[in-house]
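[1] the sequence isn't on hand, but the structure is:
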């Protein structure tokens, strides 16, 4: 039966549960070993949240509560399915996926980031996505090289 023929609250609830899919990046889904484990954990948690919400007796409340977890299950299922695990770099001569790179900025700030996959990137905790402008500029460069990002010069001081 169409939602148009149900009570108004159900129509409103149905529109609340039709959440758009989370956007999937067009870039290859490169991940570290830890990144894959984190995706698998997030998928398990989303499935558990969906299963919990599915047990709610009130149909309207159940619809409200399953929308988010169901969307997350679809997203994390796809990210786990397409994950391409990249082994840690074996050389520290040049910046690569998985490298931890330290660089100094023109203003004197020194920053250190690990280059990781998009889903595991968190600049606040010291990791950036391999598709970020900074990571793209640094990849393939060596200690002492200078790159320009957004009009600022960055000099690589260490690679680990």
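    Sure, I can see it. A quick note: this is a predicted structure, and the numbers were derived from the prediction, not measured.

[2] how about the strands in the chain?
    Counting by DSSP state E, one finds strands in the chain at the ranges 30-31, 84-85, 100-105, 110-116, 127-129, 146-149, 152-159.

[3] where is the longest helix in the chain?
    helix 59-82 (DSSP state H).

[4] so which bits of that one are buried?
    For helix 59-82, burial by neighbour count (16 or more other C-beta atoms under 10 Å) applies to 60, 62-67, 69-73, 75-76, 78-80. In this view, the C-beta of every residue, glycine as well, is placed from N, C-alpha and C.

[5] any stretches of the protein with poor pLDDT?
    When the per-residue scores of the chain are filtered using pLDDT under 70, the ranges that remain are 1-17.

[6] domain-wise, how is it divided?
    Domains of the chain are assigned by automatic domain parsing as 3-85, 100-159.

[7] residue 149 touches residue 139, doesn't it?
    No. Distance between residue 149 and residue 139: 12.0 Å, which falls outside the contact criterion (C-beta atoms under 8 Å).

[8] before we move on, the earlier item: which one of the strands of the chain is the most hemmed in?
    With neighbours defined by mean count of other C-beta atoms under 10 Å, none of those is more surrounded on average than strand 30-31, at a mean of 24.

[9] so which elements touch that strand?
    strand 84-85 (3 or more C-beta pairs under 8 Å, 6 or more residues apart in numbering; DSSP states H and E).

[10] mind checking which of the domains of the chain is nearest residue 91?
    Counting by C-beta to C-beta, residue 91 lies closest to domain 100-159 out of those; the figure is 8.9 Å.

[11] and that closest one, end to end?
    Using C-alpha to C-alpha, to the nearest Å, the gap from the first to the last residue of domain 100-159 comes to 6 Å.

[12] please apply the same query to stretch 133-149.
    Between the opening and closing residues of stretch 133-149 there is a gap of 7 Å (C-alpha to C-alpha).

[13] touching it from outside, list them.
    The list of residues contacting stretch 133-149 from outside it, by C-beta atoms under 8 Å, 6 or more residues apart in numbering, reads 93-97, 101, 103, 113, 115, 128-130, 150, 153-159.

[14] all set now, cheers.
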